[in-house]
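1. Fold the following, please.
(one chain, ligands or ions: 1)
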Amino acid sequence: MMENIEKLQEIIDNSNNIVFFGGAGVSTESGIPDFRSVDGLYNLKYKYPPEQIISHTFFQYKPEEFYRFYKDKMMCLDAKPNKAHTFLAKLEEKGKLSAVVTQNIDGLHQAGGSHTVYELHGSIHRNYCTKCHTFYDAEFVKNSKDLIPKCTKCGGIIKPDVVLYEEGLDDETVTNAINAISNCDTLIIAGTSLVVYPAASFIRYFKGNHLVLINLSETSADKTADLVIHGKVGEVLSQIKI
Ligand code: NAD
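-> Residues are numbered from 1 along each chain as shown. Next comes the predicted model:
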């Protein structure tokens, strides 16, 4: 492990345009469960699998089931940024990191101080009335007295600005993410099983010098990475000096 940390230190020291591509594993050290770890949401005994519940179909036709799961499992409003989030914010501040591309919807990168964050799957912190488009914050949605949050102006159902299964990604966010990945010299991929598409496919645009992978379990990109570290992303990154 020590040897890998030294290699990572050297790569980061010699990079000037790093992009970080992350997933739910980046937030597990903040206490937010991911999907595919042993204690992840896929392994909880629910009536429906998570990708079915947080789908467009469920939002439309079974909004109670959707909001029960979404509020309870996806809206972890007490979670705080961990060592990975704060490390990346510092790397950006030092001018070494150009963007964080995340599949997470928890807003913890911004809470940790990062500025350029491309949220491929949206954010729990933005919510809009489906009728009149009035904005609502996460606290309003989480604490609404009715299970299904309604607009105080027109009574319309409020929808999170989150990309649900069966929905497409935002074009501008995708373009920004692909540009960042295409132009960086080092890509650090961390805390993602790389099985959610199209997000996982964007790492193919990388043509820089160093591909680094930090993940607890193996991924399909391990064989193409220059450096693979199987460990906790917060623990690993906090050993790097910047
Ligand atoms: P995933 O659950 O499929 O995979 C998480 C990966 O991270 C696993 O391979 C696991 O071994 C690894 N991991 C867990 N903790 C780690 C740690 N501390 N350090 C390093 N690796 C760790 O997650 P995914 O690939 O992001 O796909 C799941 C989808 O679900 C995404 O689209 C995401 O939007 C959504 N999701 C988001 C959140 C969140 O916003 N925090 C939480 C759950 C799910």
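2. CA atoms for contacts and neighbours, from now on please.
-> Will do.
3. Tell me the buried residues in stretch 168-180?
-> Neighbour-count burial for stretch 168-180 flags Leu169, Thr173, Val174, Asn176, Ala177, Ile178, Ala180 (criterion: 16 or more other CA atoms under 10 Å).
4. For that stretch, which outside residues touch it?
-> Identification of contacts with stretch 168-180 by CA atoms under 8 Å, 6 or more residues apart in numbering yields Val19, Ser98, Ala99, Val101, Tyr118, Glu119, Leu120, His121, Val163, Phe202, Tyr205.
5. quick one: the most centrally placed residue in the chain from Leu216, how far?
-> Centroid-nearest residue in the chain: Asn104, 1.9 Å away (criterion: CA atoms, centre = their mean). Going from Asn104 to Leu216 by CA to CA, to the nearest Å gives 17 Å.
6. Now the element after the one helix or strand in the chain whose mean pLDDT sits lowest, going C-ward?
-> Comparing every helix and strand of the chain by mean pLDDT, DSSP states H and E singles out helix 50-53 as the least confident one, with a mean of 89. Elements were assigned by DSSP states H and E; along the chain past helix 50-53, the next helix or strand is helix 56-61.
7. Put the alpha carbons of that following helix into PDB.
-> In PDB, the C-alpha atoms belonging to helix 56-61 read as follows (Å, rounded to 0.1, in the frame of the first residue of the first chain):
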ATOM      1  CA  HIS A  56     -39.400   7.800 -13.800                       C
ATOM      2  CA  THR A  57     -42.200   5.200 -13.900                       C
ATOM      3  CA  PHE A  58     -42.300   5.000 -10.100                       C
ATOM      4  CA  PHE A  59     -42.200   8.700  -9.700                       C
ATOM      5  CA  GLN A  60     -45.200   9.000 -12.000                       C
ATOM      6  CA  TYR A  61     -47.300   6.000 -11.000                       C
END
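8. pull the longest strand from the protein.
-> Of all segments of type strand in the chain, defined using DSSP state E, the longest is strand 122-129.
9. Spell out which parts of the chain neighbour the ligand.
-> Where proximity means CA under 6 Å from any ligand atom, the interface of the chain facing the ligand comprises 23-29, 32-37, 103-106, 121, 190-194, 196, 214-217, 231-233.
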